[in-house]
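>>> Everything below, folded, please.
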Amino acid sequence: MQSFIKPVLLAVMLVFSAIVMAQQPKLELEKYYESSGNLQFEYEYHNGKLHGTTKEYYESGEIKAELIYKKGRLTAKKQFRRNGDLEYELKYKNGKKLETKIEYYSTGEPFRQRIFIDGKREDLEIEYYKDGQTKAERNYVNGKKEGSARGYYTNGRLQGDWLFKNDEPISATLFYKTGEKWINHNYFDNKGRLNGVSKEYNKEGKLMALRYYQNNDMVKRKRVGSGLRWWWELRY
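Take a look at the predicted model:
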């Protein structure tokens, strides 16, 4: 009888211990800067593993980073500048690592925002002028430029509209600062270099000249007379 009771008691004790461990409250720990004694880290543990929110502070007291853990695994992170601006954000979604990185001018204004999925650039990349206006937009798919890429003048008008496929330019239209179409580039080689004839327009929208390119360098510019504009438009 005793030989039967001992294993039963042992099993009951193991189950009870597991229940106690599962119900163990979160353990909150803190770490301080040695030089000033100010708070540096706040941790949350559960069952001996990081679980919940971990916060990191600058020595002057501002929040530096927030990290979210689940059973010891990092699931999200936000990193901040001293003034509170977001500098970096990390998330995991459907097994993929999603990152948003924001770069700033030395004077503090946002310069560029980029998105990475598993380390490769994805979606819209945006650059800014110091006054906050958009300077450029580029679309990425799996780390390569795809689709439209646009640049803007400081007055907000479109400067250039490029079309990319698999990281290579297919066409480009440049504009005057006042908004009118200026140059059409349609002849790129398989290395993305201008090789061929581009059309230059005046502000009235009329073909003004032909530009001849070799390996991105303009080797000749030929003015077009009004009587032959229709011919050159059809030919190129």
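>>> so Ala172 is in which element?
strand 168-175 (DSSP states H and E).
>>> Which strand residues bridge the residue nearest the centre of the chain?
In the chain, the C-alpha nearest the mean C-alpha coordinate belongs to Arg114, at 1.5 Å (CA atoms, centre = their mean). Beta-bridge partners of Arg114, counted by DSSP bridges, are Lys101.
>>> Now do the contacts for it.
When the contact criterion is CB atoms under 8 Å, 6 or more residues apart in numbering, the partners of Arg114 are Thr100, Lys101, Glu103, Arg121, Glu125. Backbone N, C-alpha and C define where each C-beta goes, glycine included.
>>> Would you confirm that the first one contacts Gln79?
Yep, that's Thr100 we're talking about. No: under the contact definition of CB atoms under 8 Å, Thr100 does not touch Gln79, with a separation of 10.3 Å.
>>> list residues touching both of the two?
When CB under 8 Å, 6+ apart defines a contact, the residues bordering Thr100 and Gln79 alike are Leu86, Tyr88, Glu89.
>>> What does the pLDDT read for the second one?
With respect to pLDDT, Tyr88 has a value of 96.
>>> any idea what sits nearest it, other than its immediate chain neighbours?
Gln79 (4.0 Å; CB to CB, 6 or more residues apart in numbering).
>>> tell me the mean pLDDT over the host helix or strand of the one you found?
Using DSSP H and E, Gln79 maps to strand 73-80. Strand 73-80 shows a mean pLDDT of 95.
>>> got a list of contacts for it?
By CB under 8 Å, 6+ apart, the list of residues contacting strand 73-80 from outside reads 62-69, 86-92.
>>> Go again with 6 Å.
Applying CB atoms under 6 Å, 6 or more residues apart in numbering, the contact partners of strand 73-80 are Ile63, Ala65, Glu66, Leu67, Ile68, Glu87, Tyr88, Glu89, Leu90, Lys91, Tyr92.
>>> what's downstream of that strand, the next helix or strand?
Read in the C-terminal direction, the helix or strand following strand 73-80 is strand 86-93, with elements assigned using DSSP H and E.
>>> Just the CA trace of that following strand, in PDB.
Extracted as PDB, the C-alpha positions of strand 86-93 are listed here (Å, rounded to 0.1, in the frame of the first residue of the first chain):
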ATOM      1  CA  LEU A  86      10.500  58.600 -31.800                       C
ATOM      2  CA  GLU A  87      13.700  57.400 -33.500                       C
ATOM      3  CA  TYR A  88      13.200  53.700 -33.900                       C
ATOM      4  CA  GLU A  89      10.300  51.200 -33.700                       C
ATOM      5  CA  LEU A  90      10.300  47.500 -33.900                       C
ATOM      6  CA  LYS A  91       7.400  45.000 -34.200                       C
ATOM      7  CA  TYR A  92       6.900  41.400 -35.100                       C
ATOM      8  CA  LYS A  93       4.000  40.500 -37.200                       C
END
